[in-house]
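Asks: Predicted coordinates and the sequence they were generated for:
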Amino acid sequence: MPDTLTAQAATRTTAWKQTALQGWGRSSLSPCLAARPERLRELRAALEAPEGRTLIAHGGGRSYGDAALNTDGAVVITGRLDRILGFDPATGELVAEPGVTFADLLEVFLPRGFVAPVSPGTSHVTLGGALANDVHGKNHHHAGSFGEHVLWFDLLLPDGRMQRVSPESDPALFQATVGGIGLTGLVAALCVRLMRVPSNALAVRRRRVRDLDDFLAGFAAAAGATWSVGWIDALAGGASLGRGVLETAEPAESGLEARPAKARRFPIDAPGWLLNGASVRAFNEVYWRRVPASGQQVTVPYRQFLYPLDAIEGWNRMYGRQGFRQFQCVVPPGPGEAALRQLLETVAAGGNASFLAVLKVMGPQGQGMLSFGMPGYSLALDIPARPGSEAIFARLERITRDAGGRIYLAKDSLLSAEGFAAMYPRADEFRAVREQVDPNRRLSSDMARRIGL
Amino acid sequence: MSDTWLILGASSAVARAFAREAASHGAALLLAGRDMEDLEHQAADLSIRYGVPARPMRFEARDLASHAGFVAECRQHAASGLLNVFLAFGVMPEQAEADADPAVAAGMVEANFTGAASVLGALGPVLEAQRGGTVVALGSVAGDRGRKRNFLYGATKAALLVYLQGYAARLSGAGVRVLCIKAGPVDTGMTWALPRLPFMASPRQFAAAAWRRAGRGGGSAYLPIIWWPVMTIIRLLPTPIFNKLNI
C-alpha cells in the first residue's frame, strides 16, 4: 500500500520545469530545467539531473553575471532550504541550510546582539551563495572574506555522498569549495560564526572626498575602522577624478528603536533613455552634496549601512530591459593606484552612465583557491548593457590584469579564459580537486565554461 | 500558558509557513509527518527563530490503525494551553495517472480523505474535552466543482469539506472552531512543475492570511480571496458551457 504513495512522493522530489533564469544584471536570459527542493531529501534527488544534463546550484539570484546560470542545463534553486538548524549564543556559532539569507540573520540574530561577520552589499544573498562566492563586505580589510568565518559545511558531492568538510578534515576540498562557484557539490548545511555587537545600530561618519589621492589617504587614515567604504562619482573626470564620499562605521554602544524595514519597489523596467550622462551626473552630484562639506556623523540601523540598495526592491530594473553588467576588480597597492586612475578614466571617457562606483580597501588573500579577496583596492561599477559596453569591459580587464589584479567572479559576465588564468594562479589546484570529486563534470555553469574551468 | 498547534503534514511548504506563523505568535508546535529528518530541521528552525518548543512526531495519514496512539502521544506532548490543529497533508497526482492506475486513485482518496477523517475523528474527543481550540484544514478550490483536469483530487477535497461541516456542527457545542480553507494554488513543490497557474500565492502570504482568517472563526473561506469571485462564476456556469471548457 505505501508503495504508490512513495512513488508519488518520489516523482514530486524530482520536479523539474523548463524555465529561464537571469543573473542580477539581467543582461541575458538563460533557458534551463530548474528544480526547487524544499527539503534535504529533494536536494539529494535533484542531484540526478534529467537527460544527463549538467547542474549548478542557484541561491538568491544575486550573482550579477552567469555564475549561477546553466544554459540548456539544469539548475537547483536552493532558496526554499531556509531552516536555521542550530545556534550557540556562547560562541555565536550558527548552523543553517544554504537558503538562509543575510536578511534572515539580521531579523533573527540582531535583536540577540549578533550579526553576520561579513556581509555582502545585499541581504538577499543566501549563505550557500556567500560560501560559493566567498563574498566580502565593507570590513574585508580586517575580517577577511566569508570563508574565514566558516567552520564547516556539509557538501553533497556529485557522486551522491554527503561529506562534512572543515579546513582540518579536508583542506583541499574546503579551499576548492569556498569561492568555488558551486562546482564541487551542493551545500546542504554550513556552520558560520556570527559576530557579537553591542546594539542594533552603527555610528557612521561620512565625509566628502575631493579626488582619488584624497580617497587613498582617507582609507589609510581609516585603517582602524571596523567598516569602511567609498562611493565614487564615476562620471567625474579631470581634476575631480575619483571624488566621492568616504563612510566609516563602528558598532554604536546604544541602539535605535527597532523599526520594521520597508522596502520600496522599483515599479517598471526603466526606458533606455532615462539613464544618460545628464541624469546620472545629476544623481551623483546630489549624492555628493548631501554630505555637508564639514562631514557628518549619524547613527543608523545595520540594515541601512550594510545593505543600502535593499531599500529599493528590484533596483536592477532601473537599467531597463537590456540590463547592465557590473565590473568589480581588486588591484594591489602600488601599481594598483595608477590602475584605479586608468579604470576610472576609461569609464568616465566612455561616458557610460554608471551610478556610484564603490571603492573599498581589501585585506588578506582569501583561503579559497578561487577567492577574490587580496590586499589592495577593490573598485566596483555598473555599466548599462549597450552596444560597445563589451569593448569597455575588455579594456577594464586588460588594465586590471596588467596591474596584477583580478576580477570578481560573483559579479562577472565577460572575463576571458586567458584573463581568468592570469588572475587566478590557483586555478590548476582547483581543477585537480574538481577532477577528484567530479571527474564526469556533472556540475557546470555558463561561467565555468566561459572561463575555461 | 501557551497553546499548541499540531501540524499534520508538516513538511509541506504551506504547513511550514503556517508553523512559522503560529510560532511567531508564541505557540508551541507538534510537527507531524513522515520525513523525520526534515521535521527535525523544522523543529530546530522554529525553536531558534521564535523560542518556542517544537517537536517532530511520526505520522502516517494512511495508517489508520496508528491514529489513536498518535493522538494519545499528541496529548502527552502538547503544552498546557489549548490544542489546535492545522491539517495540511494531501497528495495531488495527475488525473491521467489516477485514471490509468486505480491504486494511485485509491491512494489519493485514502490520504486526502480517509486519513483526514480518521485522524480528525480521533482528535474529536480531545478537542471536545478541552472545550475550545481551532481546527484549520486545507481544502481546495478544486473541491467546488469537478473539472476535467483534476476531479478526483477535487472530489477528495469536496468530501473533506462536507466532513468538516459536520465535524464543526458536532464540536460547536464545545466551543471548537473548525475552518475549511478553500485554497487556490500556492507556489510550492506541489505546483512547481505545473504550467503557470493564475493568482498564485507565496506560502508565506498564504499562511499569514490563513492565520488571520482562523482568528476570526470557523466556516469555510477562499484563500487568496480572489478565488471567491472566480469560483462563484465557475460554479454558476451552465453545464453545457462548463463541459466545453478545458479547465
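Replies: Perfect, thanks for sending it. Keep in mind it's a predicted model, so treat the numbers as computed, not measured.
Asks: what's residue A:284 in contact with, if anything?
Replies: Going by CB atoms under 8 Å, 6 or more residues apart in numbering or on different chains, residue A:284 touches A:233-236, A:355-356. The way it works is simple: take the backbone N, C-alpha and C, and place the C-beta from them, glycine included.
Asks: Next SSE downstream of the helix or strand hosting it?
Replies: According to DSSP states H and E, residue A:284 maps onto helix A:277-289. Using DSSP H and E, the helix or strand that directly follows helix A:277-289 along the chain is strand A:296-301.
Asks: pLDDT of that next one, averaged?
Replies: For strand A:296-301, mean pLDDT is 93.
Asks: what pairs with that strand, and is each one parallel or antiparallel?
Replies: Note on strand A:296-301: by DSSP bridges, its sheet partners are strand A:201-209 (antiparallel).
Asks: domains for chain A, by residue range?
Replies: Split into domains by automatic domain parsing, chain A comes to A:84-197, A:201-417.
Asks: Let me know which of those is tucked in deepest.
Replies: Each of those was scored by mean neighbour count; the highest is domain A:84-197, a mean of 22, by mean count of other CB atoms under 10 Å in any protein chain shown.
Asks: got a list of contacts for the lowest-mean-pLDDT helix or strand in chain B?
Replies: The helix or strand of chain B with the poorest confidence is helix B:189-192; it has a mean of 90 (mean pLDDT, DSSP states H and E). Here helix B:189-192 makes contact (CB under 8 Å, 6+ apart) with A:12, A:15, A:17, A:35-38, A:42, A:80, B:12-13, B:92, B:185, B:197, B:200.
Asks: neighbours around residue A:47, how many?
Replies: Neighbour count for residue A:47, taken as other CB atoms under 10 Å in any protein chain shown: 21.
Asks: Please tell me how far it sits from residue A:155.
Replies: Noted for residue A:47: a distance of 11 Å to residue A:155, by CB to CB, to the nearest Å.
Asks: quick revisit: would you list the domains of chain A in JSON lines and tack on distance to residue B:136?
Replies: Shown next, in JSON lines, are the domains of chain A (distance: least, CB to CB, whole Å):
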{"stretch": "domain A:84-197", "distance to residue B:136": "25"}
{"stretch": "domain A:201-417", "distance to residue B:136": "26"}
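Asks: between the ones you listed, which gets nearest to residue B:103?
Replies: Closest approach to residue B:103 among the domains of chain A (CB to CB): domain A:84-197, 29.3 Å.
Asks: at contact distance from chain B, anything in that closest one?
Replies: Yes: Domain A:84-197 is in contact with chain B by CB under 8 Å from any CB of the partner chain, via A:84-87, A:97, A:108.
Asks: JSON lines for the residues you listed, including secondary structure, pLDDT and distance to residue A:173?
Replies: Shown next, in JSON lines, are those (DSSP: H, G, I helix; E, B strand; the rest coil; pLDDT from 0 to 100; distance: CB to CB, whole Å):
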{"residue": "A:84", "secondary structure": "strand", "pLDDT": "98", "distance to residue A:173": "25"}
{"residue": "A:85", "secondary structure": "strand", "pLDDT": "98", "distance to residue A:173": "21"}
{"residue": "A:86", "secondary structure": "strand", "pLDDT": "98", "distance to residue A:173": "22"}
{"residue": "A:87", "secondary structure": "strand", "pLDDT": "98", "distance to residue A:173": "26"}
{"residue": "A:97", "secondary structure": "coil", "pLDDT": "98", "distance to residue A:173": "20"}
{"residue": "A:108", "secondary structure": "helix", "pLDDT": "97", "distance to residue A:173": "29"}
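Asks: hey, what's in contact with both of residue A:47 and residue A:155?
Replies: residue A:186.
Asks: tell me which of the contacts of helix B:189-192 is nearest to residue B:131?
Replies: Of the contacts of helix B:189-192, the one sitting nearest to residue B:131 (CB to CB) turns out to be residue B:12, at 29.8 Å.
Asks: Let me see the contact set for that closest one.
Replies: By CB under 8 Å, 6+ apart, the contact list for residue B:12 reads B:88-89, B:188-190.
Asks: beta partners of the closest residue to residue B:206 other than its chain neighbours?
Replies: Of all residues not flanking residue B:206 in the chain, residue B:186 sits nearest, at 5.0 Å (CB to CB, 6 or more residues apart in numbering or on different chains). Residue B:186 has these beta-bridge partners by DSSP bridges: residue B:201.
Asks: is chain A contacted by the helix ranked longest in chain B?
Replies: In chain B, with assignment by DSSP state H, the single longest helix is helix B:151-172. No: Helix B:151-172 lies out of reach of chain A by CB under 8 Å from any CB, never closer than 11.9 Å.
Asks: Could you tell me which residues within that helix count as buried?
Replies: Residues of helix B:151-172 classed as buried by neighbour count (16 or more other CB atoms under 10 Å in any protein chain shown): B:151-161, B:163-164, B:167-168, B:171.
Asks: Show me which of these is closest to residue B:178.
Replies: Ranked by distance to residue B:178 (CB to CB), the buried residues of helix B:151-172 are led by residue B:168 at 3.6 Å.
Asks: from what I can see the closest one touches residue B:218, true?
Replies: Yes: contact between residue B:168 and residue B:218 holds when scored by CB atoms under 8 Å: they sit 5.5 Å apart.
Asks: Find the residues that touch each one of these two.
Replies: Taking CB under 8 Å, 6+ apart as the criterion, residue B:168 and residue B:218 both touch B:177-178.
Asks: Next to chain A, which bits of chain B? Give me the list.
Replies: In this structure, chain B approaches chain A at residues B:11, B:13, B:16, B:35, B:37-38, B:41-42, B:44-45, B:48-49, B:60, B:62, B:91, B:93, B:101, B:103-104, B:107, B:111, B:188-190, B:192-193, judged by CB under 8 Å from any CB.
Asks: ChimeraX command for the buried members of these?
Replies: Selection of buried members from the residues of chain B next to chain A for ChimeraX, criterion 16+ other CB under 10 Å:
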select /B:11,13,16,35,38,41,42,44,45,48,49,60,62,91,93,104,107,111,188,189,190,192,193
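Asks: What ranges in chain B fall below the confidence cut-off?
Replies: Residue ranges of chain B with pLDDT under 70: B:1.
Asks: Let me see the ranges of the helices in it.
Replies: For chain B, the helices defined by DSSP H occupy B:13-24, B:36-50, B:67-77, B:95-100, B:102-109, B:115-130, B:151-172, B:189-192, B:203-215, B:227-236, B:239-244.
Asks: rewinding a little: output the longest helix of chain B as CSV, restricted to C-alpha atoms.
Replies: Provided in CSV are the C-alpha atoms of helix B:151-172 (Å, rounded to 0.1, in the frame of the first residue of the first chain):
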residue,chain,number,x,y,z
PHE,B,151,-11.8,16.0,-10.5
LEU,B,152,-10.6,13.1,-8.4
TYR,B,153,-8.4,15.4,-6.4
GLY,B,154,-11.3,17.8,-6.3
ALA,B,155,-13.6,15.0,-5.1
THR,B,156,-11.4,14.2,-2.1
LYS,B,157,-11.3,17.8,-1.1
ALA,B,158,-15.1,18.2,-1.6
ALA,B,159,-15.6,15.1,0.7
LEU,B,160,-13.3,16.7,3.2
LEU,B,161,-15.3,19.9,3.2
VAL,B,162,-18.6,18.0,3.9
TYR,B,163,-16.9,16.1,6.6
LEU,B,164,-15.6,19.3,8.2
GLN,B,165,-19.1,20.8,8.1
GLY,B,166,-20.5,18.0,10.2
TYR,B,167,-17.4,18.0,12.4
ALA,B,168,-17.9,21.7,13.0
ALA,B,169,-21.5,21.1,13.9
ARG,B,170,-20.6,18.4,16.4
LEU,B,171,-17.9,20.3,18.1
SER,B,172,-19.6,23.7,18.1
